[in-house]
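K.L.:
sequence? don't have it. structure:
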């Protein structure tokens, strides 16, 4: 598992680089500015929040009207090519001042959708320098002598340097005297070999054919001390003394190239950490999945299209283990994380096809750009939970066996001892006493049978069972054994409904129906069997019109240590849990415990019984 701290550190480095860059960086989505740094805002002479609040139409008003058509065409081309070389255009400041920029654009993924990221360099001073050079050579010389950019001019049949300004010496490390003694071949030899031949061919063609070209180029250059730097040249052919000359404006772009490379590596590193994690990592906006790694697709058994746009409770059963709906519980956890309290909890999830699994989930609030998201890290702990469950089951069975010996069976033996005393004293009729003895013996036998079921339960494999057939069998058996009880079973609409179960599935529903009958002291006893379903589970409700169960007893009824509900209900809980289902106890009429009890059992569906088997 990739530590959350390492993920956060990578994202923090990216954010710091983005915000502290000296070059303007801006991200457009659907024509709107969704993220920009301070340098970009300073170039436009506007507050950052004003830019982020602009509509797509308002954003276009920042661009000089003459430059908009070409910029629109390039944006359309960018959506196809994913990246484009430098493009030069003009921005308006609120004062009416024009700022020239060189824009380097590429397509990135932002919040799960394509967006345009542009690195924009303010070149107003450079453009003004170019204009000044063309308009007035003397003014140009004065300007370039003090410019931070390098200027160099070549002329002659074997082009030699006829001018180099002081900044070029600072950039390259060569003195002005050394530069002035060089020809164009000497300069080209200092260019990285990957760019050398192309640059030499262009220069020779431009000078020989007197091409009026205006071309930019970027390449690595070796300084006098041997260090490698990145330069950008803007070259144009001019006329000096009626002879062609080649002028180059040279800018050290090493910092910008390094910034781009760090941005690229950080993005790659974060993406690698994101995709190589052994846990599912999901970004949530509001209550919707907006991004996930590949491990998420494996864990939930779905495609990216199937999970993105869905909610956490789409991949959860209707109810969690505590009886709360998955929707209510997940929304509460998300809100707590948004409020600044990290969340870590156990959760019952389901795959896309409804197969349940146990998970550990952590939720943290993170900010990306101007938006706040929830980062969810989900770990599948099904195997660990199964081992824990086996351990707990073994412990519960041990407690049960001990309890049976010290309580249930002991009580039955005491009853038999009492009946034996009655026979001896002849205080009751022989037939009545023998009937009570027989009942006690049968109950002892049933207790032993249930204990044997508990012992065998973990080792029996699960196979498909028709839920309709199971319910009809149980209702028929109850109707025969308790003819005076009215069993109400509306028509079942899940004729093809199958669940993964074992031979003890009948015991769940029979035990709950019989439990509602045996403890019902009403003269007209009734039992209702209701069947429903949701996307992933079948839901069976068994209700009675008995005396009901108190709130305190409901909370303890399935507690194996207290075993308030007796051996039968304990066994029901064990069986349902083995089927990855849930069982809850409610009032038959909500808020009225005395109206009777309702047990609600949810068991996961299987869509194709033949496939499951």
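P.N.:
Now that the structure is in, tell me what you want to look at. Quick caveat, the model's predicted, so the values are computed rather than measured.

K.L.:
okay, now the nearest residue to residue 569 once chain neighbours are set aside: neighbour count?
P.N.:
Once its chain neighbours are removed from consideration, residue 569 has its nearest residue in residue 557; the separation is 6.3 Å (Cβ to Cβ, 6 or more residues apart in numbering). Just so you know, the C-beta spots here come from the backbone N, C-alpha and C atoms, and that holds for glycine as well. Neighbour count of residue 557, defined by other Cβ atoms under 10 Å: 21.

K.L.:
surely residue 557 and residue 585 touch.
P.N.:
Yes - shown here, residue 557 and residue 585 form a contact pair, counting by Cβ atoms under 8 Å, at 5.7 Å.

K.L.:
so what's the closest residue to residue 260 other than its chain neighbours bridging to?
P.N.:
The spatial neighbour of residue 260 that comes closest, neighbours along the chain excluded (Cβ to Cβ, 6+ apart), is residue 119 at 6.6 Å. In this structure, residue 119 has beta-bridge partners residue 25, residue 104, where bridges are defined by DSSP bridges.

K.L.:
for this structure, what helix or strand is lowest in average pLDDT?
P.N.:
Within the chain, judged by mean pLDDT, DSSP states H and E, the helix or strand with the poorest mean is helix 609-612; its value is a mean of 49.

K.L.:
still on that earlier bit, now for residue 557 and residue 585: what residues contact both?
P.N.:
residue 549 (Cβ atoms under 8 Å, 6 or more residues apart in numbering).

K.L.:
what sits up against stretch 242-249?
P.N.:
With contact meaning Cβ under 8 Å, 6+ apart, stretch 242-249 is reached by 126, 129-130, 133, 149-155, 159, 162, 184, 203, 206-207, 210, 233-239.

K.L.:
just the buried ones out of these, please.
P.N.:
Neighbour-count burial (16 or more other Cβ atoms under 10 Å) applied to the contacts of stretch 242-249 gives 126, 129-130, 133, 149-155, 159, 184, 203, 206-207, 233-237.

K.L.:
in strands, which of these appear?
P.N.:
Cross-referencing these against strands under DSSP state E gives 150-155, 233-237.

K.L.:
what's the closest of those residues to residue 196?
P.N.:
Proximity to residue 196 was ranked across these by Cβ to Cβ; first place goes to residue 233, at 13.3 Å.

K.L.:
so what's the closest one up against?
P.N.:
Going by Cβ under 8 Å, 6+ apart, the list of residues near residue 233 reads 216-219, 248-251.

K.L.:
bridged to it, which residues?
P.N.:
According to DSSP bridges, residue 217, residue 250 are recorded as the beta-bridge partners of residue 233.

K.L.:
residue ranges with poor pLDDT in the stretch 101-250 of the chain?
P.N.:
Under the criterion of pLDDT under 70, the regions of the stretch 101-250 of the chain flagged as low confidence span 132-140, 202-216.

K.L.:
can you tell me which of the contacts of residue 233 comes closest to residue 50?
P.N.:
Proximity of these to residue 50 was ranked by Cβ to Cβ; the top entry is residue 251 with 29.7 Å.

K.L.:
can you pull the pLDDT of that closest one?
P.N.:
Turning to residue 251, the model gives it a pLDDT of 90.

K.L.:
number of nearby residues for it?
P.N.:
Other residues near residue 251 number 22, with proximity taken as other Cβ under 10 Å.

K.L.:
excluding chain neighbours, what is closest to it?
P.N.:
Spatially, and ignoring its direct neighbours in sequence, residue 251 is nearest to residue 232 (4.8 Å; Cβ to Cβ, 6+ apart).

K.L.:
isn't that neighbour up against residue 257?
P.N.:
No - the pair residue 232 and residue 257 fails to qualify as a contact (Cβ under 8 Å) at a distance of 9.3 Å.

K.L.:
common neighbours of these two, please.
P.N.:
residue 218.

K.L.:
among those two, which residue is more densely surrounded?
P.N.:
In terms of neighbours (other Cβ under 10 Å), residue 232 is the more surrounded of residue 232 and residue 257; the figures are 21 against 16.

K.L.:
now do the contacts for that one.
P.N.:
Shown here is residue 232, whose contacts under the criterion Cβ under 8 Å, 6+ apart are 216-218, 250-251, 253.

K.L.:
repeat for residue 467
P.N.:
The contact partners of residue 467, by Cβ under 8 Å, 6+ apart, come to 494, 497-499, 531, 538, 540, 603.

K.L.:
let's go with 6 Å and repeat that
P.N.:
Contact analysis of residue 467 by Cβ atoms under 6 Å, 6 or more residues apart in numbering lists 497, 499, 538.

K.L.:
quick check: closest non-adjacent residue to it.
P.N.:
Residue nearest to residue 467 in three dimensions, not counting chain neighbours: residue 497, with 4.7 Å by Cβ to Cβ, 6+ apart.

K.L.:
distance of the one you found relative to residue 57?
P.N.:
55 Å (Cβ to Cβ, to the nearest Å).

K.L.:
those two: who's more crowded?
P.N.:
Between residue 497 and residue 57, residue 497 has the larger neighbour count (other Cβ under 10 Å), namely 22 against 9.
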